[in-house]
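# need a 3D model of the following:
(one chain, ligands or ions: 1)
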Amino acid sequence: MSRAYNFCAGPATLPEAVLKQAREEMLDWRGSGMSVMEMSHRSDEFVEIAETAERDFRDLAGVSDDYAVLFMQGGASSQFATIPLNLLGEKAGADYVNTGIWSKKAIAEASRYGEVNVVASGADSNFTSIPDQSTWNTRADAAYLHYTPNETIGGVEFDFIPETGDVPLVADFSSSILSRPLDVSRFGLIYAGAQKNIGPSGLVVVVVRKDLLGKARDITPTMMNYQVIADNGSMYNTPATYSWYLAGLVFQWLKTQGGVEGMGQLNERKARKLYDFIDRCDFYANPIEARCRSWMNVPFTLADDALNGAFLKGADERGLLNLKGHRSVGGMRASIYNALPEAGVDALIDYMANFAEERG
Ligand SMILES: *Cc1c(COP(=O)(O)O)cnc(C)c1O
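Got it, this is the predicted structure:
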């Protein structure tokens, strides 16, 4: 068996230690005589798995008792509707920042439920930068302000947390959750689809300040009502048990790696190496303004697009997989999440240098 370095944007690579543990426990979870997949979600065993995962996540992310942590389904995209349905309340609308493709999707969906005010757009810079907050056209009566801290496709990441006063701050951390320390107390709600830094796809972790619960519109589907999900410990219906379990294994692994502090140092180092190389080598380019370059998703282009196919083929042969950029952007993209080891970044840089020398 050989494991490749998988640079996929999502579903993304998982820590090898986690996959091995899952394999160990696959047929018989700790003497229970069954797989986690086969357990009742109401069993003592699964409740312990679920509670441990939540506790570990709270420890890692620094989430206080003022917040509920929900393990929901439908991925991050389902939250694009769930958020306005729960948080608009009596307010007419909400503020949104548009920094790229995921912001746009959140805006389009929220627009179906309320009036969306786009306070700032990265369009002027072709989404290669984050508009300075002093230029934002925010409203004091907005139900909340939504933004996307890391744009997974464009590779642009906020280098600050927006200041919103009494307006709750809502953020889609799908591709950067647990990648570095974060002051959760600044937020009203944080959500993250699991398949980048947490575990298998389908699961979405939602951290919501408890005073924001209980405001859902009457038409809100029960399964999307945060209050209902919180009151039932994320088990109003059958939760995604196996994904929840795997997320728990990832949280335990993160704790052995120095938690978010350890990850932050590692991720900064990995990203800096790759950007430094791209900047040094004329053959490659990354268009993002330096201060907002993503630590997680690194898009880059080759000097000659006609060589893209050869670049990808050579990469595949070396076990450097899924480097093709998003169809809307073109070029390449290396996603270097928590579980992508530094050796993988070194191997990629090595290959890029060789390729530029031979074909550049
Ligand atoms: C991947 C991603 C999503 C979509 O996640 P799904 O689970 O596929 O719905 C949303 N927002 C961001 C920032 C993402 O990276």
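# what's in contact with stretch 280-295?
Residues from elsewhere that reach stretch 280-295 (CB atoms under 8 Å, 6 or more residues apart in numbering): 125-126, 128-130, 150-152, 154-159, 175-176, 179-180, 267-268, 270-271, 275, 277-279, 298-303, 336, 352-353, 355-356, 360. All C-beta spots, glycine's among them, are computed from the backbone N, C-alpha and C.
# of the residues you listed, which are in range of the ligand?
Near the ligand, judged by CB under 6 Å from any ligand atom, the entries from the contacts of stretch 280-295 are 152, 175.
# just the buried subset of the contacts of stretch 280-295, please.
Of the members of these, the ones counted as buried by neighbours, 16 or more other CB atoms under 10 Å, are 125, 128-130, 150-152, 154-158, 175-176, 179-180, 267, 270-271, 275, 277-278, 298-302, 336, 352-353, 355-356.
# which of the contacts of stretch 280-295 fall in strands?
With DSSP state E as the criterion, strands contain 150, 151, 156, 157, 298, 299, 300, 301, 302 from among the contacts of stretch 280-295.
# how near is the fifth one to residue 193?
Using CB to CB, to the nearest Å, one gets 20 Å for the distance from residue 298 to residue 193.
# now do the same contact list for whatever residue of the chain ends up closest to the ligand.
Proximity of the chain to the ligand (CB to the nearest ligand atom) peaks at residue 75, 2.5 Å away. For residue 75, the contact set (CB under 8 Å, 6+ apart) comprises 193, 195, 201, 202, 203, 204.
# go ahead and confirm residue 180 touches residue 260.
Yes: taking CB atoms under 8 Å as the contact criterion, residue 180 and residue 260 are neighbours in contact, 5.9 Å apart.
# find residues that contact each of those two.
Between them, residue 180 and residue 260 have no joint contacts when contacts are counted by CB under 8 Å, 6+ apart.
# so what pLDDT did residue 1 get?
Confidence per residue is given as pLDDT, and for residue 1 that number is 67.
# residues contacting residue 308?
When contacts are counted by CB under 8 Å, 6+ apart, residue 308 touches 302, 324, 331, 332.
# let me see the mean pLDDT of the host helix or strand of it.
Element membership of residue 308 [criterion: DSSP states H and E] is helix 308-317. Per-residue confidence for helix 308-317 averages out to 98 on the pLDDT scale.
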